[in-house]
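[1] Structure, please.
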Amino acid sequence: MESIERYLSEVGPVYAALLATVFTWLLTAAGAGMIFFFRNLNRAWQDVMLGFTGGVMLAASFWSLLNPSIELAEKEYPDMSWLPAAAGFVLGAMFIFGLDKVAPHLHINFMAHESEGMKTRWHQTTLLILAITLHNIPEGLAVGVLFGAAANGTDGVTIASAITLAIGIGLQNFPEGFSVAVPLRRHGVSRLKCFWYGQLSAIVEPMAGVLGASAVLYINPILPYALAFAAGAMIYVVVEEVIPETQRDKNTDVAVLGLIGGFVVMMVLDVAFG
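    Here you go, the predicted model:
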């Protein structure tokens, strides 16, 4: 861990964010690759994995993003320390809300007629991929923002905490990649295309990571807003997408246990190593 931390601190925050988000993308690809070994996935396990994803994102939103945002704002805006966190959080949620209303997409486990966004005749497979792509934007953004914040010497944010977040995002990306590939396989898509589309859904993470790191690196005053922005975007995804997907069958209890497990794992990672 120390050697990785030392290396990423030397290469610069933008390149470090790129490497970290490529890592999270590769874990998505590895998860999607499981479609070559398994024909299907038990729905209960799928809901547990989606719940785990939501738990990781919730914990990361607070310990890795909101908490540093509030601590930074207390020093820079002592009279209105609540403002950057609140404003950034709302803006992040509204950003994903806007994309959700415009971009046509279909959540995992939803029927074709339940697609969201602008009406289109696009194939159901395309809509599924777009849904996960929207999901991955705030994840990449969050990792990039943390690397930029660490480079700026922000109190409470270190290279180690940015690496920890990347590890947490990567852990939940692995089952997510498989969860994307399985519904595509059910729709008759070949295994090779299931893998291709599954990994493609996370290719946006390196782009968002570089964007997030660049923004806070060159526009330092927006840092507390940017941290909260990423948190708001992630929590919107959890509440609007991840949790509803786990509650559509009879596996609600195990899905909640998966969410709690993901939350605890990310919390422990961040507190122990971040």
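[2] Residue 82 - how many residues pack around it?
    Neighbour count of residue 82, defined by other C-beta atoms under 10 Å: 11. (Glycine included, C-beta is placed from N, CA and C.)
[3] Verify the contact between residue 28 and residue 176 for me.
    Yes: under the criterion of C-beta atoms under 8 Å, residue 28 makes contact with residue 176 at 6.3 Å.
[4] which residues are common contacts for those two?
    Listed as contacting both residue 28 and residue 176 by C-beta atoms under 8 Å, 6 or more residues apart in numbering are residue 202.
[5] Which stretches in this protein count as helices?
    All helices of the chain, identified by DSSP state H, fall at 2-11, 13-33, 43-59, 67-76, 82-102, 124-151, 159-186, 191-200, 204-218, 223-237, 243-246, 252-273.
[6] tell me the most buried of those helices?
    Among those, helix 223-237 has the highest mean neighbour count (mean count of other C-beta atoms under 10 Å), at a mean of 28.
[7] For that helix, the averaged confidence score.
    When pLDDT is averaged along helix 223-237, the result is 88.
[8] do stretch 87-99 as well
    Mean predicted confidence for stretch 87-99 is 90.
[9] Residues touching that stretch, excluding its own?
    Contacts of stretch 87-99 (C-beta under 8 Å, 6+ apart): 66, 69, 134, 137-138, 224-237, 240.
[10] Then stretch 11-24?
    Residues outside stretch 11-24 that contact it (C-beta under 8 Å, 6+ apart): 8-9, 139-140, 143-144, 147-148, 150-151, 159, 162-163, 166, 169-170, 173, 202, 205-206, 208-210, 212-214, 217.
[11] 6 Å instead?
    8, 140, 143-144, 147-148, 151, 166, 169-170, 173, 205-206, 209-210, 213-214, 217 (C-beta atoms under 6 Å, 6 or more residues apart in numbering).
[12] Check stretch 252-267 too.
    44, 47-48, 51-52, 54-56, 58-60, 168, 246.
[13] export stretch 45-59 as CSV, just CAs?
    Extracted in CSV, the C-alpha atoms of stretch 45-59 (Å, rounded to 0.1, in the frame of the first residue of the first chain):
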residue,chain,number,x,y,z
TRP,A,45,-27.4,-13.2,-5.3
GLN,A,46,-27.9,-10.5,-7.8
ASP,A,47,-29.9,-8.4,-5.4
VAL,A,48,-27.3,-9.0,-2.6
MET,A,49,-24.6,-7.7,-5.0
LEU,A,50,-26.6,-4.7,-6.0
GLY,A,51,-27.3,-4.0,-2.3
PHE,A,52,-23.5,-4.3,-1.6
THR,A,53,-22.9,-1.7,-4.4
GLY,A,54,-25.4,0.7,-2.7
GLY,A,55,-23.8,0.2,0.7
VAL,A,56,-20.3,1.0,-0.6
MET,A,57,-21.6,4.1,-2.4
LEU,A,58,-23.4,5.4,0.7
ALA,A,59,-20.4,4.9,3.0
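[14] tell me the mean pLDDT over it?
    Across stretch 45-59, pLDDT averages out at 86.
[15] same deal with stretch 136-154?
    Per-residue scores along stretch 136-154 average to 84.
[16] Mind listing residues that contact it?
    Here stretch 136-154 has contacts from 13, 16-17, 20-21, 65, 72, 157-159, 162, 165-166, 169, 202, 204-205, 208-209, 212-213, 216-217, 220, 223, 226-227, 230, 233-234, using C-beta under 6 Å, 6+ apart.
[17] Report the outermost residue of the chain with respect to its centre.
    When each C-alpha in the chain is compared with the mean C-alpha position (C-alpha atoms, centre = their mean), residue 79 comes out farthest, at 32.1 Å.
[18] Show the backbone phi and psi for that one.
    phi -80, psi -20 (degrees, to the nearest 10).
[19] Just the pLDDT for it.
    79.
[20] Please apply the same query to the one 5 residues further on.
    Per-residue confidence (pLDDT) for residue 84: 88.
[21] Hmm, residue 224 and it touching each other?
    Yes: at 3.7 Å, residue 84 and residue 224 qualify as touching, with contact defined as C-beta atoms under 6 Å.
[22] Overlap in contacts, the two.
    Shared contacts of residue 84 and residue 224, counting by C-beta under 6 Å, 6+ apart, come down to residue 73.
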